[in-house]
Every structure is written in C-alpha cells, then in structure tokens.
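*Asks:* Sequence unavailable; structure follows:
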C-alpha cells in the first residue's frame, strides 16, 4: 500500500512527540497498518526557530493552506491549539476530504458536535483521544469498551496541574499560593493559571466525557464549575482527619436519563480508588449499570503520553483508509439531553461552620438543616482557638443541591453563625 | 438493516448476563449499530432445567450443531467454557462463516493463534475481550489504545479468587487455609481451587495479554508459574512491616525484544498503584516506552461485568458486519518470540532466612550473595523467638533469576543456614 501522508498542524510539545513516535516506531506502525506513515508537512509559526528535533527544513511551512489544501495529504493532525481559527482549518480540511486527528479539548468541547457532523457529511474520520486525559485511552473505552453498558457515573481527575497542587498541599501541609508558585516554576502550571485552577480545563474535558458516556450532547455551559483557588490548607487537614482527600473532581451523573455535570473540589473517601491518584496523574472512574466500578489511570499530559494517543488515533484512521470505511462511525449522541434541576442533583456535603460558643447553638444549626429536609450523617462540635467561637463540622446524608443552598441561605440570617468556612461535596 | 442473529453456546453465569444485557439494552444497542440484535438459539445441557431467566423454550437446544450449522445465525457467542470440544465447535463455526465472540481464556491461551488464523482465512471476526479481566476493556486497550507505543511491562492482578484470599490474609491477619475455606463458602473459590490458587488461571490470562502487548505469540508453557498456596500469614506480616503488600502478579516484561512472562506471589511496594487493588477486583498495569505508567481497574468476573465485555465485542462484530469489514483485523503477532534466559530476567528479591545465631554468620551469608554477584539493598538481622536461631531478612538490588538460584543452592550446603523460610520477587 502506498504511504499515508500526514500534515501536522503545530510543532510544540505534543507535535514534537508525534514526530518522534511516528519516526521512531515506524517499523511497528507499518507492521500494523501495512503501509508507511509519513509526516509530509508541518505547520510552524517560525520556520527558522531552533528546535530540539531534527526535521527536514523543506517539510516546514508557515502557511496552513499549504497543508489544508495540499492534495498529497491524507490526514491532518492538529496539535496547535486555539479555537475559532483552528476550527476554520479543520472544517476546511474536512471539506477537502482529509481525515482529522486532534488533541484539542477546547475545540472539541465547544464545537465537537458541529465538527463530527461535518466529518460525517464528507465521509471523514475525526478522532480526538488525546483531548482528554493525555495517555489514557478513555475515549475509545467509552465508545467501544462500554458500548454495551449504560454508564451512570463518570468521575475524573482530568487536570494534572490542580491535582499536583492539591497533592502537594495534602502531603506537605503547604499553602495553595506557595504550591502554585512552585508548580509554575516547574512548568506544571502556566503563568496565567486561571483555566486550570478555576476548573475550566476540567470542565471542557468533562463536556467531552459526559457527551460520550451519556450519548447526549452536553455543552460546556451545562457544566457547573468551581475551581481550587479557595481550598485552604486547613480544609485539607480537616478532610484528612476525617479520612478524606480533597480532589478537583469532574462528576457526571445520570439517573433515568436526567444528567448533571460539575467540576468542584470534592472530599473523596481515602478508600475510594480515585483518592490515591496523586501528582500530575489523571484518572477516570466509570460506573456502569452492568460493569460496576472501573477506573483508568495514567499520565494526563506531556509530550510522549499525549502523542501516544494522537498516533493511536492516526493508526485507527489509516486502518480505516485501508478498509475504505472512514467516516462510517455512527454519531453517538442519539439521546436527547435532559439536565437535572438543582432539586434532582443529590450528594453528600461537608460543612465547616464558625458559630457562637454558647448553649443551644448546635440545636439551632441542626434545626436549620431539618427545616430544609437535609438529614445529617455526622456532626462534630469543638472549641476554636479563639474565644467564644465554636467550630461545627457536619457531613450530611444525600441532599439535593437546592436544599443545601437553602440551608446556606438560612445561615446568612442567623446571628449565631459567624461564618461558613467551607462547603465541599463528598464522594466515596 | 435486518436483525443480526446470535447463537449462544452456554447459559451459565456469563451466558445469562449476555441475554440480560442484549435484551435489557436493546434500544441502546440498536441506536449504535442500526439493527436489532436477536438471541436466536441457546445451547444448554438440559432444556428442562429451571432458570433464573425467562427465555423462550423454543430457543433452547441441547445440540450444538443446531447453532453451528444454522444458516440463520451470524454470530456465535461462546460462554460454555471447555477446551478441545469447544475449539472444535468454534473452528467449525468459522468454517461456516460465522463470527465468534468468546470469553474462554483457556481456549484462547492454548489455541488463540490457530483460531485467529482460521478466522482470517474465512473472513471472520474472533473477539475475546471477556477472556481476561472480566469487565475491564484491556484487550482493546492493548490492541488499539497503545497501537502506537512499545509496551515494555504488563503487570496484572488477573485472578479475583487469589486476590480475595491475599487481601483477607493481609487485612485480617488470617491464615491461607482458613480464608480459602471462607472463599469457597462465598462462591469466590471453586471446590477444587487448584487452577486459581496455583496460578494457572492467571498464567492463561498473561499468555493472552503478553501476546497482545508484545506482538509475539507467547505460549502457556513460556509462563513461569507459582501459586499462593505457600504464602503464609507471617510472610504477609513481614511484607507489611517493610511497606509491601503480597499480590499474585502476572508479570510480562520486554527488553530489546527479549521477553519473559511469569506469575508468582510478589511483594509490591504499598505506594505502587497496583498494591491497593483489593478483594475480587482485577487490575492491569501497563508501562509503555512513550506513554509511561497506566493502570486499568475493574471487576474481574461476575455475570454482568463479564457479559458487558462479551456484548461490547458483539457490538463490534455487528458494526463490522454493517461495514462489510469482518475478518480484516491484522494478525498482531508479527514479531518473532525470543524468550529471556534466567540470566536475563532481572528483579529484586526478598528472602527470609533462619540461621544459627552466632558470630560471623551474617558475614558468611552476605558473602554468599557477593559470590553470586547479587548486591543487597537492605539487610536486617533479628533474634527469633526460639533460641539459637536468628532471622535474616534481605532485599536484594536487581539480580538475575539465575544468580538468585545459585545463592539459594549455596545456602543448601551451608550448615549455618537452617532454612530459607521464603523468597519473593519484589516490585515497585
């Protein structure tokens, strides 16, 4: 079979990894797909920039259309990032009958359904394994491995930066600001860390995972997002004392076809498999009606792990080329999206309150929960170091998000409640 | 598209699960594959036996040829177990152009290459996701997810019975015999537990995983097997004190295309992700040159988890039918199998020795290691409760299996060595 020619959009970290794997593993790849895979052209911002990688200068181009309109190119590998401009390139490439492999979570979270429809119209493949959880083949697992099952819950540690920060805070008793600075110095966090620490990156990945897991087009704005910037060292110490770790979890749930998707710092029971996923590692926990509990663990980012997923997608495209079956994948989002209301979203919650340290206060607090029909799993009152303030730690039984909101609102008008120090969802 | 008709060989635990999922999830399955999937005939041993499942009596047959030679049947799902007879049925079914989904690890470990070749000759699919680690989609992960990578190590907890026993022994300080009896009472271990506890079941699964991971036909007899029946409560306590758990691990390794595959009770560092896989759960840890560390966790057995994998394979066959591309999967074992010699297999080892408690003994023992070129990571000597016996606990650095054999041999002729109480491979 004649060589399959690839146009690479972007030669940053992941792009470099793609070139290394395609060239370094050429023999193995050929044995699997029956034809050579050749990187034909590479889009870069600056052709004369010096690089860690040796690459034929003639392959480099600064003009995307050199690749997108190049009749010799069969497959576009998009690892340049960006949203609107990149979307334009991809749609144009599909219109020219080119298959697309992308690692772009932002693009797929925002425009996935449109891009996949366009691909189907033109008989092209669009694969995006690398867009979520780097080296973990979670997208094929949801599409193929669990095609037979009904998934009811997906919980993901899908952002390495925040998991690194929370792990350090937990293991070393360090402060958020301090660890963030360290993560930035090590290159684990960006100079502007907002997208990671405020949960936006995780929300994009959960949009993709929940769309696949629940077979309905979940949109980014359906995801309720809270980041980790308000997680304190004290919160983590409290959690640990109670047998929990604080993790930034994406949680997607389905009951009777009603779904909810959120990202928030969550207290996870230490015995839960996802609680011990540390550092920059990612993990996705999937619960299926038939299969039960499963978890998939691995590196969430990095040159070679992410490139592993990109090139695995490329292999899949080339196998389809050989069989002449590109673009034949069914669109999976065949279900109507129905979102849960706040009354339907149920979870356990942890609360830490500072209250006046006098008789009858605990009774009033617990009555406030009862009034909102929230029942309590455990209650601990202890004196605070400062005078006249007591700490109350509460873990509720399953309660609706709406009820918890009402409880918090009622605290606002109770003079004995000095402050609600923290509120966490609890899992496991 | 017209209905796809399935012949089911076997209506035991997994077969029952297959019927439940195919019938219960019919609507979802149809949405994905575009046609109904119908269980047309079911082979049972006794048609008149009472069952937990309601199934049309006309679908039941006691004659396998009713299914295998049935021109209406497109796909055979084999969940009856057995080796030689079953192999005959499957080969005959393939010769009649029927695709096969099987959960039969014994068959695939022993006759996988022959069956896959036959399938290719006849343009048929043979899929066997359920044969290893029940509900974990590890086979597709090795074939597709890591198609781009070079896997260098696979470690598996792939037998739930032994993991249940070792977990109980570790958590409750119980004896092997006692826990085995309890596991039998709970149905986690069979009346004759040999295949599980002696590591044979795990060896079969490792044969399949290493064949896929290393792209070379590993045979069952290539696997070096040791079971858990000699693991004592004391060994586990020693391990825990040193920060390890004892797990029955299948370990497949590759270096420079030389491979080794083994199954043995192994001391695993508690910080390694596979150390905390407990009870009847399974996990497969995969290390790839590019991707690095990954792990896949889930239920290793059970009616619905195993049936989830069977039906996912069935979905894949039906998708291929729709595209007309069955039997087009490349045979993956394109590499020549080269096995490591005992000189090439390197690992760390734990040893517990009982020696005479007198001056100079430790020097002689450590000299014995040095003579065989085994260097030591840690050495601990402590008095034993009985007089005149000291315990020596040694953890070696990486040493060849051959050298460790020589050390043990030399102990045989040393009068000061009263006994080698235990030897374990060490990981993590």
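*Replies:* Done, it's in. The model shown is predicted, which means the values in this text are computed figures rather than measured ones.

*Asks:* where along the stretch 51-200 of chain A do the helices fall?
*Replies:* Listed in chain order, the helices of the stretch 51-200 of chain A (DSSP state H, counting those that start in this stretch) span A:64-68, A:84-95, A:105-121, A:138-140, A:160-172, A:176-186, A:194-197, A:200-214.

*Asks:* Can you name the residues that contact residue A:265?
*Replies:* By C-beta atoms under 8 Å, 6 or more residues apart in numbering or on different chains, the contact list for residue A:265 reads A:166, A:226-228, A:231, A:246-249, A:424. Placement of C-beta: from N, CA and C, glycine included.

*Asks:* Please identify which of the helices of the stretch 51-200 of chain A is closest to residue A:278.
*Replies:* Proximity to residue A:278 (C-beta to C-beta) singles out helix A:160-172 among these, at 4.4 Å.

*Asks:* Next, the residue of the stretch 301-428 of chain A found nearest chain B: secondary structure please.
*Replies:* Closest contact between the stretch 301-428 of chain A and chain B, by C-beta to the nearest C-beta, is at residue A:311 (3.4 Å). Under DSSP: H, G, I helix; E, B strand; the rest coil, residue A:311 falls in the helix class.

*Asks:* residue contacts, it?
*Replies:* A:18, A:21-22, A:25, A:29, B:147-148.

*Asks:* about what we covered before: which ones among the contacts of residue A:265 are found in strands?
*Replies:* A:246-249, A:424 (DSSP state E).

*Asks:* Give me the below-cutoff pLDDT ranges for the stretch 201-350 of chain A.
*Replies:* A:330-331 (pLDDT under 70).

*Asks:* What parts of it come near chain B?
*Replies:* Contacts of the stretch 201-350 of chain A with chain B, taken as C-beta under 8 Å from any C-beta of the partner chain, map to A:215, A:273, A:276, A:281, A:288-299, A:302, A:304-305, A:307-312, A:314-316, A:323, A:325, A:328, A:330, A:332, A:334-335.

*Asks:* Buried ones among the residues you listed?
*Replies:* A:215, A:273, A:276, A:281, A:288, A:290-299, A:302, A:304-305, A:307-312, A:314-316, A:325, A:332 (16 or more other C-beta atoms under 10 Å in any protein chain shown).

*Asks:* Those residues in helices, which ones?
*Replies:* A:304-305, A:307-312, A:314-316 (DSSP state H).

*Asks:* Now for the residue lying closest to residue A:402 once chain neighbours are set aside: which residues touch it?
*Replies:* With sequence-adjacent residues excluded and distances taken as C-beta to C-beta, 6 or more residues apart in numbering or on different chains, residue A:402 is closest to residue A:342, at 4.0 Å. Residue A:342 makes contacts with A:400-402, A:405, as judged by C-beta under 8 Å, 6+ apart.

*Asks:* just residue A:127 next, same as before
*Replies:* When contacts are counted by C-beta under 8 Å, 6+ apart, residue A:127 is found next to A:100-102, A:313, A:316-317.

*Asks:* all strands of the stretch 201-350 of chain A, in order?
*Replies:* Ranges of strands in the stretch 201-350 of chain A, per DSSP state E, counting those that start in this stretch, are A:223-225, A:244-255, A:258-269, A:281-288, A:292-299, A:346-356.

*Asks:* Pull the residues that contact the shortest one.
*Replies:* Meaning strand A:223-225. A:198-200, A:202-203, A:206-207, A:250, A:260-264.

*Asks:* Looking at these, which is nearest residue A:85?
*Replies:* residue A:200 (19.4 Å).

*Asks:* hang on, residue A:5 is in a helix, isn't it?
*Replies:* No - counting by three-state DSSP, one finds residue A:5 to be strand, located in no helix.

*Asks:* ok, for residue A:194, nearest residue in space, not its chain neighbours?
*Replies:* In space, residue A:194 is closest to residue A:200, 7.3 Å off (C-beta to C-beta, 6+ apart).

*Asks:* List the contacts of the one you found.
*Replies:* A:194, A:225, A:227.

*Asks:* ok, 10 Å please
*Replies:* When contacts are counted by C-beta atoms under 10 Å, 6 or more residues apart in numbering or on different chains, residue A:200 touches A:106, A:109, A:159, A:194, A:220, A:223, A:225, A:227, A:263.

*Asks:* cool, and residue A:305?
*Replies:* By C-beta under 10 Å, 6+ apart, residue A:305 lies in contact with A:14, A:17, A:130, A:133-136, A:282, A:298-299, B:149, B:288, B:290-294.

*Asks:* Equivalent analysis for residue A:104, please.
*Replies:* Residue A:104 is in contact with A:9-10, A:14, A:78-83, A:86-87, A:90, A:110-112, A:115, A:128, A:130-131, A:204, counting by C-beta under 10 Å, 6+ apart.

*Asks:* re earlier: tell me which two of the contacts of residue A:127 sit farthest apart.
*Replies:* A:102 and A:316 (13.2 Å).

*Asks:* so what sits against both of those two?
*Replies:* A:127, A:129.

*Asks:* I'd like the distance between the closest residue to residue A:154 other than its chain neighbours and residue A:262.
*Replies:* Distance criterion C-beta to C-beta, 6+ apart; nearest residue to residue A:154, sequence neighbours excluded, is residue A:252 at 4.4 Å. Per C-beta to C-beta, to the nearest Å, residue A:252 is found 8 Å from residue A:262.

*Asks:* which of those two has more neighbours?
*Replies:* residue A:252 (26 against 23; other C-beta atoms under 10 Å in any protein chain shown).

*Asks:* Fine by me, thanks again.
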